[in-house]
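A.B. asks: sequence first, then the predicted structure, then my questions.
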Amino acid sequence: MCDRRGEKSVVRIALLGAPGAGKGTQANAMQERWGLAHVASGDLLRDNVKNDTELGRKAKPYMEAGELVPDDLILDMMEERLARPDAQAGFVLDGFPRTLAQAEALDARLEAKGQQLDAVINLVVSEEEILRRLSGRLICPQCHAVYQAETMPPKQPGICDRCGAKLVQRSDESPEVVRKRLQVYEEQTAPLVDYYRKKGILHEVDGAIGVERVLEKIAAILEEAAKQVGGRGSE
């Protein structure tokens, strides 16, 4: 991602959107196209537990009990992840923050490092479309790649294109559970959308227009964000 002077700009993005809105798909595409580190809070939690890190050991009892992991723990994981070398070239947060409290805490931690989010992109998709998508969604348990049986099937049925692992369907993606997740998401996210809109960095994109068209919309937003980053750097 380059600014108006043709120089490399570090762009920091957050993707919002209901379950099934396409956040993971777009974040993967942004990682491949612009080299942005793809940081998904769910993957981060699972990886810390799997690797038996100190933060993972603290989070594991909450996850095993089916309870929400405290914000401070998630933010500590996020801060550690964003300090890694690949994130210094820019990052895209996938599904984080989820609440207003998390957004405010994230801003404070970034500000302490002289950083800030440059754009927040909200992928808007209808409930009907989300139910259709999730009913056919397949996930790789090894590399976390996401497929959709109708619109983005793997080359070999049931097998991940990237690592060859057997694809699975999440148990929490039945229509009844999805509707409940959507209700919770809307309750949590409404104030979050308003928060970023007031900061002047929220951009809403129709997430139902196709993967490539959504990516082009995002590309235009990121190009503008890169110009703003370049402008801040020259002040």
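C.D. replies: Here it is on my side, so go on.
A.B. asks: quick check, Ala29 in contact with Leu215.
C.D. replies: Yes - shown here, Ala29 and Leu215 form a contact pair, counting by Cβ atoms under 8 Å, at 5.2 Å. Every residue, glycine included, has its C-beta placed from N, CA and C.
A.B. asks: higher neighbour count, the two?
C.D. replies: Neighbour count, other Cβ atoms under 10 Å: between Ala29 and Leu215, Ala29 has more, with 20 against 17.
A.B. asks: mind listing what the more buried one touches?
C.D. replies: Val211, Leu215 (Cβ atoms under 8 Å, 6 or more residues apart in numbering).
A.B. asks: so which helix or strand takes in it?
C.D. replies: Here Ala29, judged by DSSP states H and E, is contained in helix 23-34.
A.B. asks: need the next SSE after that helix, C-terminal direction.
C.D. replies: Following helix 23-34 in sequence, per DSSP H and E, is strand 37-40.
A.B. asks: for that following strand, what is the average pLDDT?
C.D. replies: For strand 37-40, mean pLDDT is 95.
A.B. asks: so which elements touch that strand?
C.D. replies: helix 23-34, helix 71-82, strand 91-94 (3 or more Cβ pairs under 8 Å, 6 or more residues apart in numbering; DSSP states H and E).
A.B. asks: most tightly surrounded among these?
C.D. replies: strand 91-94 (a mean of 26; mean count of other Cβ atoms under 10 Å).
A.B. asks: which stretches of this protein form strands?
C.D. replies: 12-17, 37-40, 91-94, 119-124, 137-139, 146-148, 202-206 (DSSP state E).
A.B. asks: any chance of the ones you listed in JSON lines, with distance to Glu80 too?
C.D. replies: Shown next, in JSON lines, are the strands of the chain (distance: least, Cβ to Cβ, whole Å):
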{"stretch": "strand 12-17", "distance to Glu80": "16"}
{"stretch": "strand 37-40", "distance to Glu80": "11"}
{"stretch": "strand 91-94", "distance to Glu80": "13"}
{"stretch": "strand 119-124", "distance to Glu80": "22"}
{"stretch": "strand 137-139", "distance to Glu80": "24"}
{"stretch": "strand 146-148", "distance to Glu80": "24"}
{"stretch": "strand 202-206", "distance to Glu80": "27"}
